[in-house]
Structure formats: C-alpha cells, structure tokens
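Colleague: Sequence below, structure please.
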Amino acid sequence: MKPSSQSKGSEGKQVTAEDAGVPNDTAAYMESLKDTEVIERVRCEIKDSHVFKLPPRQTAGGWRGADWTDEVWQGTVKVVERGDLTVVLLVDRGNGSIFAVCPIKDGAVDRCVDSSRYFVLRIENANGRHGFIGVAFNERNDAFDFNTSLEDSRREREAALNPEPLLPQGPAKDYSIKEGEKIRVNIKSIGGHGGESDQRKR
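Modeller: Numbering: from 1, shown residues only. Sure thing, here's the model as predicted:
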C-alpha cells in the first residue's frame, strides 16, 4: 500500500511532515531505536498476520474484510511501547526487519464491520507520509489480544496523564500505651479445666 503523497510548498518542493511542523511519531520511534537506554515494552506479539491492499470502500458504514482479496504481506504484528510512544509494528518473521509502522493516535486503528479478526491500520513512514492497509488475523483470540493490548495501553497512558487526586488524610492516631496506663483483659473461665467452675460441680 503506497503512502499518500507529501504536500508541496509554494515553489513545488516536496514538504515533509517535519517541515510542516506536524509531529512524526514514526520518525521519533525509529530515532529512539538508537538509544539503548529507552525502555521498550512489547504488549502483544502475534506471529501469523496478513496484510491486504485496501479496495475502494463500498459503503459509508465501514470497512468489510470480505472485500479484501489482494494480500501483499505476511508476518508478525507487535504492539510496542517505547518511551512515550505506542506503535503497531509489522515485522518480517525471518530477518526481523520492519515492514510498516502504525503510530497509535486517534483514528489509527479501525475495526471491520463484518469480522472481529480484520482491522484497518493507518501506517506512516519516517517522512510523515501515510496510507491505510488491512490487517487480518487467523484466530479470534489473536484479534482479541491485539485489541485488548491497545485498550490497556490507552487506559494506562490516560491514567498517567490524569492521575486521580489523593484524598486528604487526617492526623495519624497514636495507639501507644502512655506511661502509667494499664490494659485489663477479662478472660472467662472454661468448664472442665479446673478452677472454681470445677469445684462447684463436685
């Protein structure tokens, strides 16, 4: 799937997203790979996935996986958090090379209306050009894991950005025994073990 063309400046020169001041998460992710101190977390890894070139959408109601016939790639799908970024990576199973990157943002992942195993991803290259591809999984469990990992990542990042306010706490209570105080404990006698109760029975 070819990414959409870059915009052109007033002189007809190609303008990248970076030139236009548009954040380029794919470029940021690729650059972060050079930093060995950045912590990477793989939330989900699905070995068998299929990528399709998308045909024109037939209805305004959403994408239909049944319309996809032009498969262009097979490989591994990963949901990865690296630094402040969350991305979906399409990775070659043999050599580990990256086929495409889908930075997670609003509208980056769309579900098909006719199958829970089919998704549409908005991929982006290092120059900020983007396009859309279809991704299908063999098993519903794989699709569930993929969708759940994206939801968990979103919720955790939202919680980190908007932490719940801490409730005010009153002064700590002092339960220690003051000097001169005594503790009295009343213990009821149990019959059959001697003492006054036994003597009364005799």
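Colleague: pLDDT wise, what is residue 11 at?
Modeller: We have a pLDDT of 48 for residue 11.
Colleague: can you check residue 23 too?
Modeller: Model confidence at residue 23, expressed as pLDDT, equals 58.
Colleague: Okay, now the unreliable bits of this structure?
Modeller: Within the chain, the stretches with pLDDT under 70 are 1-23, 166-168, 170, 189-202.
Colleague: residues of the longest helix along it that come out buried?
Modeller: The helix spanning the most residues in the chain, taking DSSP state H as the definition, is helix 140-161. For helix 140-161, a neighbour-count test (16 or more other Cβ atoms under 10 Å) marks 142-143, 145-147, 149-150, 153 as buried. All C-beta atoms are positioned from the backbone trio N, CA, C, and that covers glycine.
Colleague: For the chain, which segments count as strands?
Modeller: For the chain, the strands defined by DSSP state E occupy 7-8, 14-15, 40-52, 71-82, 85-91, 98-103, 109-111, 118-124, 130-137.
Colleague: Quick check, central residue of the chain?
Modeller: residue 153 (2.6 Å; Cα atoms, centre = their mean).
Colleague: I figured it hits residue 43, correct?
Modeller: Yes - in this structure, residue 153 is within contact of residue 43 by Cβ atoms under 8 Å, at 6.0 Å.
Colleague: Spit out the residues that contact these two alike.
Modeller: Here residue 153 and residue 43 have 79, 81 as joint contacts, going by Cβ atoms under 8 Å, 6 or more residues apart in numbering.
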